[in-house]
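J.: how would this look folded up:
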Amino acid sequence: MSALRVFWVFLAAMPLAAQVNVLTYQYDATRAGANLSESILTTANVNAAQFGKLFSQPVDGQVYAQPLYVPNVTISGKGNHNVVYVVTEHDGVYAFDADNGTPLWQVSFLNAANGVTSMPAADTGCDQISPEIGITGTPVIDPSSGTMYLVAMTKETSGGSVNYVQRLHALDITSGAERSGSPVVVQATYPGTGEGGTVLTFNPKNYKQRPGLVLWNGVVYTSWSSHCDIGQYHGWVIGYNAQTLAQTTVFNATPNGNEGSFWNGGAAPALDSNGNMYLVTGNGHFDRASGGADLGESYIKLATGNGLSVADYFTPFNYQTLDDGDVDTGSAGVALLPDAAGSTAHPHLMVGAGKEGRIYLLDRDSLGGWQAGQDSQIVQELPGAIGGLFGNPAYFNQTIYICGSGDSLKAFPISQAKMAAAPATQSSAQFGFPGCVPTISANGSSNGIVWILETAGVLHAYDATNLAKEIYKSSQNASRDALGGYVKFSVPTVANGKVYAGTASALVAYGPLAPAVPALTAYNAASGDPTAIAPGSIVSLSGSGLAQSTAQAGGYPLPVTLGGASVTVNGTAAPLYFASPAQINFQIPYGLPVAGATVAVSVNGVAAGSLTINVQALGPGLFITSPGRAAALNQDYSVNSATQPATVGSVLALFGTGLGEVTPAVATGSAASSTALSRTAATVTVSIGGVAANVLFAGLAPGYAGLYQVDVVVPQLATGDYPAQIMAGNTASNTGLVSVR
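T.: Sure thing, here's the model as predicted:
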């Protein structure tokens, strides 16, 4: 790649292992509800003695949306903070310091003096969200621009006239200020005859923006539900350009009928790596099987490549019975499963369920349409397996976790595209309406914990390998850990050693109660592998009390102190990239022997913990950007993605760490030269989709410390996504997907 150029903005957005962003509902676009980079919380330290409530901060209304989390945000005049963001039904938006709860900024979209209020539930004739409706759907954050997108509903009275308004806002996450062109009023029309005319018009009073927002390929998507099943309404999806907020696309699920809105228990639509969107409609007219356009009571796959269009669908055989009995299919969303859960015949799966309690396992490549009498055309279904579902399933380690109304939290193993007919394990407790929405924290495949909130206002934690083993609940020590008012369908957020829950009036945070000496873990910052630590590599260190504040290096050579923290390896000061109370990213000094080494942390000169690591000669790790995708640049310097694939025969740059010693040598913490290129001493090979790729260069990325760049020629492969892997000597890295055409 000419000049071996690397873009700083690309690398700055590339997360180090365990430095978690929670930018969207249930962590990522699969909506599978698992944070697999949680190294602080374990099944051993989450218990009533060591884990509990850390702080509670009041907010101005109910929190239906999932809290979001961004580390290392520079707040004007207040320095760098790990930040948790909360929105309310009183049209409030809050940013709190995620480590101690300090309020950082707050905005409100209300102005009572000028007649602008939230929408009273009484105005809808529906009490599903009461007493007011403001911001309901979980926002989405764009980390590259530092922008949060959300929809706020207001009632506006002026001169005797009353207007109900839905607005899409784009806010600067550092201050809460509106971005240029923000907000925009949500308006839409769609061709159809469902209301007796030729064009349907979006009536803002009739809708709430219930599911979480989606950001994909520069477009922000909003989806809409009704107030109960009152009057004329439809299932709308409306897209906006993320930069200009100009409307780009509109979809209506029942253009020639009625109803079919998107509830999904608040779950955001799921997206696969090709940008196909998956969501589920509730009660409504269905005639698609007979050539019509209406898709009530259906699982829908929408292509997003050119506006929004129906690519496929599945409708249960008994949709009319479901519709007649108000047994919505769309009371919950879907979770997309990784290929490890599938089979050769059905590699791309998703799972969902509705009010009927029938679990559907669907092939995303062929959803199945509608079939009279039975659903034998789909991969699998389990009738009556759970109580009615409101929210989303979750997935972890070949297991689907699901919690129906009036039922236990259940774990269904899945292998070769087949779910077990009965749960392998389940909680002893049963949860009343509306059940619970599981979210999972784990460190890779270990220390899996399933977290839920229940109607009694209790946070529960279960061992993911055995749901009969409840390891924590906030009611065990209610005087210390009480959650407070529960909000239905709500899901906690787990990030960097803490659990955040929105309630009827507060943000509540839980985490490890301050230990005398924190337990530390260290691992390759790219792969998360604790055994892949080599001289010169970037390493992440996780624990608690590791720094006085959050800070990042401003340039090279890297500093040896950040946020009051310093690290030594066998007594030698280690350069630091990033420091926070929960995590430090540092570079292993070059020249260390292959042996055990002691890593020690101090804060303002006071010992804060130590551990022993095993240094290897080579410990390759491939950086991962969005879930499962390798950090890679195409020959034109664009970020490799499904929409920007690499051409066969072109040069692709992969980025990682842990490829060992280089020649000429570079001082630890110093940036590699762009003229005298430092190449790896070890032989480096690369495979893409199992096919060897010709390596043109393997060495340190010019201008960076500890970051390795491997330039390869893309081999002859058919268009698609393929796993890329680096080998240094005989040691293999983790894999990450790259797109080829």
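J.: pretty sure Leu507 contacts Val87?
T.: No - using C-beta atoms under 8 Å, Leu507 is not in contact with Val87; the gap is 10.5 Å. Bear in mind the C-beta positions are built from the backbone N, C-alpha and C, glycine included.
J.: have a look at those two and say which one is more surrounded.
T.: Val87 (30 against 23; other C-beta atoms under 10 Å).
J.: show me the beta-bridge partners of that one.
T.: Val93 (DSSP bridges).
J.: list the contacts of it.
T.: By C-beta atoms under 8 Å, 6 or more residues apart in numbering, the residues touching Val87 are 63, 65, 93-94, 135, 139, 150.
J.: and these as CSV, adding neighbour count and distance to Tyr240?
T.: Converted to CSV, the contacts of Val87 look like this (neighbours: other C-beta atoms under 10 Å; distance: C-beta to C-beta, whole Å):
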residue, neighbour count, distance to Tyr240
Val63, 27, 24
Ala65, 25, 18
Val93, 24, 18
Tyr94, 24, 24
Ile135, 28, 16
Pro139, 29, 13
Leu150, 28, 12
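J.: helices - which of the residues you listed land there?
T.: Cross-referencing the contacts of Val87 against helices under DSSP state H gives no overlap.
J.: so which of those residues is the closest to Thr503?
T.: Val63 (6.3 Å; C-beta to C-beta).
J.: distance of the closest one relative to Gln57?
T.: 11 Å (C-beta to C-beta, to the nearest Å).
J.: intersection of neighbour lists for those two?
T.: Common neighbours of Val63 and Gln57 (C-beta under 8 Å, 6+ apart) are 506-507.
J.: just give me the neighbour total for the residue nearest to Ser445 when sequence neighbours are not counted.
T.: Spatial nearest neighbour of Ser445, excluding adjacent residues (C-beta to C-beta, 6 or more residues apart in numbering): Asn397 at 5.5 Å. Neighbour count of Asn397, defined by other C-beta under 10 Å: 17.
J.: picking up where we left off before, got the contacts of Val87 as a markdown table, with pLDDT and distance to Pro581 columns?
T.: Output for the contacts of Val87, formatted as a markdown table (pLDDT from 0 to 100; distance: C-beta to C-beta, whole Å):
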| residue | pLDDT | distance to Pro581 |
| --- | --- | --- |
| Val63 | 98 | 24 |
| Ala65 | 98 | 26 |
| Val93 | 98 | 25 |
| Tyr94 | 98 | 21 |
| Ile135 | 98 | 29 |
| Pro139 | 98 | 25 |
| Leu150 | 98 | 28 |
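J.: what about the helices in the chain?
T.: 8-12, 319-324, 478-481.
J.: now do the second one: everything it contacts.
T.: Counting by C-beta under 8 Å, 6+ apart, helix 319-324 makes contact with 283-284, 286, 296-298, 316, 327-329, 354-356, 370, all of which sit outside it.
J.: again, but for the last one
T.: With C-beta under 8 Å, 6+ apart as the contact definition, helix 478-481 has outside contacts at 48, 52-53, 459, 474-475, 510.
J.: can you list the domains in this protein?
T.: Per the record, the chain has its domains at 2-8+621-740, 18-512, 521-614, by automatic domain parsing.
J.: still on that earlier bit, looking at the contacts of helix 319-324, which is nearest Val494?
T.: Gly354 (26.5 Å).
J.: could you measure from that closest one over to Met419?
T.: 16 Å.
J.: more neighbours, those two?
T.: Taking other C-beta under 10 Å, Gly354 and Met419 do not tie; Gly354 has more neighbours (26 against 22).
J.: for the more buried one, give me its contacts.
T.: So Gly354 contacts 280, 322, 327-332, 388-389 (C-beta under 8 Å, 6+ apart).
J.: repeat that with 10 Å
T.: The contact partners of Gly354, taken as C-beta atoms under 10 Å, 6 or more residues apart in numbering, are 263-265, 280, 282, 297, 299, 316, 322, 327-332, 360, 388-390.
J.: tally of neighbours for Asn114?
T.: Considering only other C-beta under 10 Å, Asn114 is surrounded by 10 other residues.
J.: would you mind measuring from it to Ser158?
T.: 8 Å.
J.: likewise Val648?
T.: Distance, Val648 to Ser158, by C-beta to C-beta: 61 Å.
J.: do His90 as well
T.: Relative to Ser158, and taking C-beta to C-beta, His90 is found at 20 Å.
J.: who's more crowded, those two?
T.: His90 (21 against 10).
J.: contacting residues for the closest residue to that one other than its chain neighbours?
T.: Spatially, and ignoring its direct neighbours in sequence, His90 is nearest to Gly61 (2.9 Å; C-beta to C-beta, 6+ apart). Counting by C-beta under 10 Å, 6+ apart, Gly61 touches 87-92, 108, 118, 131-135, 504-505.
J.: do Val601 as well
T.: 518, 520, 541, 543, 545-547, 565-568, 574, 579, 584, 586, 607-611.
J.: next: Cys228.
T.: 124-128, 326.
J.: of the residues you listed, closest to Ser37?
T.: Gln128 (34.9 Å).
J.: contacting residues around Ile75?
T.: Contacts of Ile75 by C-beta under 10 Å, 6+ apart are 81, 83, 95, 97, 104-105, 173-175.
J.: so how far is Asp60 from it?
T.: In terms of C-beta to C-beta, Ile75 sits 20 Å off from Asp60.
J.: ok, Thr138 next?
T.: Distance from Thr138 to Asp60, by C-beta to C-beta: 18 Å.
J.: what of Thr281?
T.: Counting by C-beta to C-beta - Thr281 and Asp60 are separated by 33 Å.
J.: go on, Gly333?
T.: 27 Å.
J.: understood, closing this out.
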